[in-house]
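S.K.: this one's structure only:
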């Protein structure tokens, strides 16, 4: 089974089966994949053949994308990971905690570690952002 991993907290890193995906020829194709991942619970009315080609969707079993003539969305039973989903889950788990000792709560400790990871990935000296991330921020 193919596995797509999307790391969006910091510079965008997308890997397919633990290998960096082919370079996205267009920033908008990468942006569409990111959008579909973050909004995975909804179908969307945009479609790009280039996206299917880039992530080898036609070869994946099950495919990463579900589409009709009018919509496209990430397959909820496809194998992919999204760091933002984990981060949002940690925020929700920590939101109403009654404890006063942060170190006593595994979820809050993990949330703090995620914050440090984002800072490290985003601001690491000498780290180059992907082409799409540079263009989007320009």
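M.R.: Arrived safely, thanks for sending. Small disclaimer: the values here were computed from a predicted structure and weren't measured.

S.K.: rest of the way, CA atoms for contacts and neighbours
M.R.: Will do.

S.K.: Could I get the buried residue list for stretch 90-100?
M.R.: Within stretch 90-100, the residues that qualify as buried are 90, 91, 94, counting by 16 or more other CA atoms under 10 Å.

S.K.: Contact partners for the last one?
M.R.: For residue 94, the contacting residues are 107, 108, taking CA atoms under 8 Å, 6 or more residues apart in numbering as the criterion.

S.K.: before we move on, what about the first one?
M.R.: Shown in contact with residue 90 (CA under 8 Å, 6+ apart): 107, 108, 110, 111.

S.K.: what's the answer for the second one, then?
M.R.: Applying CA under 8 Å, 6+ apart to residue 91 gives the contacts residue 111.

S.K.: what about the spatially most distant residue from the centre of the chain, which SS state?
M.R.: In the chain, counting by CA atoms, centre = their mean, residue 100 sits farthest out from the average C-alpha position, at 32.0 Å. When the structure is split into helix, strand and coil by DSSP: H, G, I helix; E, B strand; the rest coil, residue 100 lands in coil.

S.K.: Give me the phi and psi for the residue lying closest to residue 114 once chain neighbours are set aside.
M.R.: Beyond its immediate neighbours in the sequence, the residue positioned closest to residue 114 (CA to CA, 6 or more residues apart in numbering) is residue 87, lying 7.2 Å away. Residue 87 adopts backbone torsions of phi -60, psi -50, taken as degrees, to the nearest 10.

S.K.: how near is residue 87 to residue 40?
M.R.: From residue 87 across to residue 40, the span is 15 Å (CA to CA, to the nearest Å).

S.K.: all strands of this protein, in order?
M.R.: Chain-ordered strands for the chain, with DSSP state E as the definition, fall at 4-7, 13-16, 19-20, 65-67, 72-74, 80-82.
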